[in-house]
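>>> Show me how the following folds:
(2 chains)
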Amino acid sequence: MNQVAITRTQWQPICQRSDLVANSGVCALMGDASSDRKSIALFFIPGAEPQLYAIDNRDPFSNAGVIARGIVAEVDGQLTVASPLYKQHFRLGDGVCLEDETVKLDTYPIAFDGDTVLITTGSENS
Amino acid sequence: MVKQKLIVIGNGMVGHHFLEQLASRPEKELFDVTVFCAEPRPAYDRVHLSEYFAGRTADDLAMGKIEQYRDWGFELHLNDAAVSIDRENRVVTSESGTGKPYDKLILATGSYPFVPPIPGHEHEKCFVYRTLEDLDAIRAASENARVGVVVGGGLLGLEAANALKELGLEAHVVEFAPGLMGVQLDEGGSGLLRSKIEDLGVTVHTSTATELIEEVDGGRLRMRFKGERELATDLIVFSAGIRPEDKLARAAGLQLGERGGIVIDESCRTSDGNIFAIGECALYNNFIYGLVAPGYTMARNTVSLLCGEEASFTSADMSTKLKLLGVEVGSIGDAHGRAEGAAAITFVDEQSGIYKRMITDSEGKQLLGAVLVGDTGDYDQLLQYHLNGIELPEQPEQLILPAADGAAPTLGAGALPDTATICSCHNVSKGDIVQTVQGGCCSLGEVKDATKASTGCGGCAALLKNIVDEELAALGMEVNNDLCPHFPHTRQEIFHMVQVEEIKTFDELLEKHGRGQGCEVCKPAVGSILASLWNEHVHKKPHVGLQDTNDTFMANMQKNGSYSVVPRVPGGEITPDKLIVLGQVAKKYNLYTKITGGQRVDLFGARLEQLPEIWGELIDAGFETGHAYGKSLRTVKSCVGSTWCRFGVQDSVKMALDVENRYKGLRSPHKIKMAVSGCTRECAEAQSKDVGVIATENGWNLFLCGNGGMRPRHADLFATDLDDETLIRYIDRFLMFYVRTADKLQRTSVWLENLDGGLDYLREVIVDDKLGICDELEAQMANVVGTYQCEWKTAINDPEMLKRFRQFVNTDEPDEKIVFVEERGQPRPAEEEEIVRIAEPA
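Take a look at the predicted model:
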């Protein structure tokens, strides 16, 4: 029995490179009308490694979809996004909230394929 | 519990201070307090009386407020002088006939001006200089006058001469003694003061005795002096010293001094154990203390005694530092060097008009006194040497000599003992300040609030800052004004680097002067500095990631992720057509509308993707962005002014429009609010703004650094009767100086409170151009004004910028999480449980 086979890692295009804004975030809608739809924040940091991050757009402290509109902030060497509403920091790499580590946003594998941006439908964490 | 009945007669500065001290203690509950005041208003600041003619109002000078007395539970009788004291039955009777019993009685009746018995002194054009009513009378008489004479060349006399000058009169000072300010100054200091004052256009007549005042043709006055000289004038102000107001005490049979004054012991007790006397009516050790600080000390001591503590008044320091007619004058201790064996060190710079003299003991180890004229920069330090008996350095002359290489020996805060009095107005010692800092106050402003230090005359401000900084450093709380971990520099330093090195982007600055990748603190701060200096559009590529969401989307994010939109309505003036457009747009996009405090309309509930469309319609109708989202000029509130209002004296709407259109778009360390009122009734509430302009008959009064909010602050009167051009010039300089030097997110109020030298320094920079930067400040402002663009207009015409306003980059669908429900006929964000309910099928 191989449990790994159950993970549905399926890359699919989400937007174009030109839709991204360097050193800032944009928002994309995942899933289709019939299934679970989720809005995802996409960050493109050209100078960082990796350059691309995908993280839940919903801010758990306000319940509003605003994470994509936060400022990218480096805190002690960690790349984070600061929520524009109540200013908590979420690590771009794993979604953990620095102010309250019990709170964590889902993150998703994301990559460039030429000028197309690919993302996986299944959450990295689930 | 039966409360003790306490009566206070007199509500001058000292009487008020006594009550203020009592009110601040829990023991206040042990007393039933009644106050009798002969004047029609509660205590006001007599020390700064001449500012009444420079535009300060009775309200500005007020120290006690009627409401405050009510809050304290003290019964205040205004315009109701006490007329008799019945010591046997312990009852005070007042003019209105009120008879009030007392257990303890405080006499704080002050003093009255001495008028020498010169024949003619009772003429109606002869005045004294003591109360606001006196000043009103002088002002009225000055209207048809050209010349005014002050009799008396002491401290108060020179203040009065300044007042006459302010009123536009040709001022003369007539002094009986051979020199000015003979009590405080030695011959050399007095001589220099005289020449400086004469340079300012005041004529000084010393060694001059007036023998007769007579009316001559045309209602003018002629003063005849001993030795056949005479002088024609339109009015005369007597300011030849004070006499203790002791009539009540005399009638009540209390012991008085030979030349008047209510005799008190070191407990401030009079010859009747239930009666105390404090301030200028009291005679201690055969001496009347004619300064406010010793009076305050007496007041505090008496409060302590009434509360069962021990306190004694032995003597008070009569040192003083002030500005007379713009000339700095300081006097410390034994200014005349009368002590036995006293030695003097004198420094005179005739070119710059500076005179400094130190009096030391015979060994040159202790400072006994000092005189400073023309430059009182050394005063604080010398005073500390004097008051605390600190041993003078090897070469004491260095203390008053100009520093050859900028390395004059300074008495560090650390050298002072904890007992050293730092603020003599409020009797705050170094120990008090240290304790406050250790108790958690981490900024100068907080320490001022907590201790009141430096809130009186302000003379100790620099020293106070020193002590606070030193103590913070000692606590390991290094005063770290660094912007953030990415920039080991203050905002001011960064501003300077960006300006001098002409740095145009965040990345360039980070590479040259920073480390790491930046954060939500430094990015918007640097974005604001770049905008203040180069004024490029916030959406220009390198600046995009620097902005807070509100700046990014040029709207204010609300709690559910929707935005509010605020078009500019300059001065609050709006045509019916534009008003209709606001309504139509709100209706079309289902926006919640609310009138703001800044005289405009806020439209709430716009989705991100709707913003460009909404702005397209607003711009078509002639609206511009209101910058409600930015750290920038918000609104200029105005009243209708002289165009409509029967009280208005200037066109305040026109001025508000000009000001708002000039400074709109200026990016600053924090938001800036302004207002223009058309008359002194102040309907636009200008005194609660960063920049407040109030019309006068002759132009505009400019108020600076006020704000509302959590810690409201009244703006300070900065300049009076300005013409339009000068007003704008001052505001230009002020705003740019603030933009340059403030900390991140620091409002003008806090900025001013932390500015070394405070308001006086600000005047020196902006009015006198002390730093020689005014041309540069104006040029910078001209650049900002000249490069203004409506950010929204630019954005909706730029497809690249418009892409930012897509809710989702991969679909045109709206964010279904933003849901509104109706309340009072308008939309509002739905609560969590309401969203769930709406989502469920019925």
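
>>> name the element residue B:382 belongs to?
Element membership for residue B:382 (DSSP states H and E) is helix B:379-388.

>>> What of residue B:701?
Going by DSSP H and E, residue B:701 is in strand B:699-704.

>>> Against which helices or strands is that strand packed?
When contacts are defined as 3 or more CB pairs under 8 Å, 6 or more residues apart in numbering or on different chains; DSSP states H and E, strand B:699-704 packs onto strand B:691-696, strand B:716-722, helix B:724-741. Where C-beta positions appear, they are placed from N, C-alpha and C, glycine not excepted.

>>> give the contact list for residue B:28.
B:22, B:72, B:73 (CB atoms under 8 Å, 6 or more residues apart in numbering or on different chains).

>>> sorry, back to before: give me the contacts around the strand holding residue B:701.
B:55, B:650, B:655, B:686-687, B:689-695, B:715-724, B:727, B:730-731, B:734, B:748, B:752, B:759, B:762.

>>> Tell me, how many residues neighbour residue B:571?
Residues within reach of residue B:571, counting by other CB atoms under 10 Å in any protein chain shown, total 28.

>>> now swap in residue B:508 and tell me
Neighbours around residue B:508, by other CB under 10 Å: 15.

>>> Number of residues surrounding residue B:344?
16.

>>> For it, give the beta-bridge partners.
residue B:359 (DSSP bridges).

>>> any idea how far residue B:364 is from it?
10 Å (CB to CB, to the nearest Å).

>>> for residue B:661, same thing?
For residue B:661 relative to residue B:364 (CB to CB), the value is 64 Å.

>>> quick revisit: and the helix holding residue B:382, what other elements does it pack with?
strand B:327-333, strand B:367-373, helix B:461-474.

>>> Quick one: residues in contact with it.
Here helix B:379-388 has contacts from B:317, B:319, B:321, B:330, B:332-333, B:358, B:367-370, B:372, B:390, B:392, B:399-400, B:410-411, B:416-417, B:419-421, B:459-460, B:462-463, using CB under 8 Å, 6+ apart.

>>> Quick one: buried ones out of those residues?
B:317, B:319, B:321, B:330, B:332-333, B:358, B:367-370, B:372, B:390, B:392, B:399-400, B:411, B:416, B:420-421, B:459-460, B:463 (16 or more other CB atoms under 10 Å in any protein chain shown).

>>> Now do the residue of the stretch 1-150 of chain B found nearest chain A: how many residues are near it, please.
Here the stretch 1-150 of chain B gets closest to chain A at one residue, residue B:71, 36.8 Å apart by CB to the nearest CB. Other residues lying near residue B:71 total 10 when counted by other CB under 10 Å.

>>> Next, the contact list for residue B:319, please.
B:330, B:331, B:332, B:333, B:383, B:386, B:387.

>>> got CSV for those residues, with pLDDT too?
CSV is the format used below for the contacts of residue B:319 (pLDDT from 0 to 100):
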residue, pLDDT
B:330, 89
B:331, 90
B:332, 90
B:333, 86
B:383, 87
B:386, 87
B:387, 83
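
>>> Going by distance to residue B:787, which of those residues wins?
residue B:330 (47.5 Å; CB to CB).

>>> Identify the bridge partners of the closest one.
residue B:321, residue B:372.

>>> what residues does chain B put near chain A?
Taking CB under 8 Å from any CB of the partner chain as the contact definition, chain B meets chain A at B:485-486, B:516-521, B:523-524, B:541, B:544-550, B:552-553, B:557, B:559-561, B:803-804, B:806-811, B:813, B:815-818, B:832.

>>> Select only the buried ones of those residues in PyMOL?
Remark: buried members of the residues of chain B next to chain A, expressed as a PyMOL selection using 16+ other CB under 10 Å:
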select buried, chain B and resi 485+486+516+517+518+519+520+521+523+524+544+545+546+547+548+549+550+552+553+557+560+561+804+806+807+808+809+810+815+817+818
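
>>> Residue B:789 and residue B:539, how far apart?
11 Å.

>>> Which of those two has more residues huddled nearby?
Counted by other CB under 10 Å, residue B:789 and residue B:539 do not tie: residue B:539 has more neighbours, with 20 against 14.

>>> Give me the neighbour count for the closest residue in space to the more buried one that isn't next to it in sequence.
Closest residue in space to residue B:539, ignoring its immediate chain neighbours: residue B:801 at 4.7 Å, by CB to CB, 6 or more residues apart in numbering or on different chains. Using other CB under 10 Å, residue B:801 has 20 other residues around it.

>>> can you check residue B:732 too?
With other CB under 10 Å as criterion, residue B:732 counts 22.

>>> check contacts around it.
B:777, B:778, B:781, B:782.

>>> now the residue lying closest to the second one once chain neighbours are set aside: how far from residue B:785?
If the residues on either side of it in the chain are set aside, residue B:778 comes closest to residue B:732, at 5.2 Å by CB to CB, 6+ apart. To residue B:785, residue B:732 is 9 Å away according to CB to CB.

>>> near chain B, which residues of chain A?
So chain A meets chain B at A:14-15, A:19-24, A:26-29, A:37, A:39, A:42, A:47-48, A:58, A:62-66, A:69-77, A:79, A:82, A:84-85, A:87 (CB under 8 Å from any CB).
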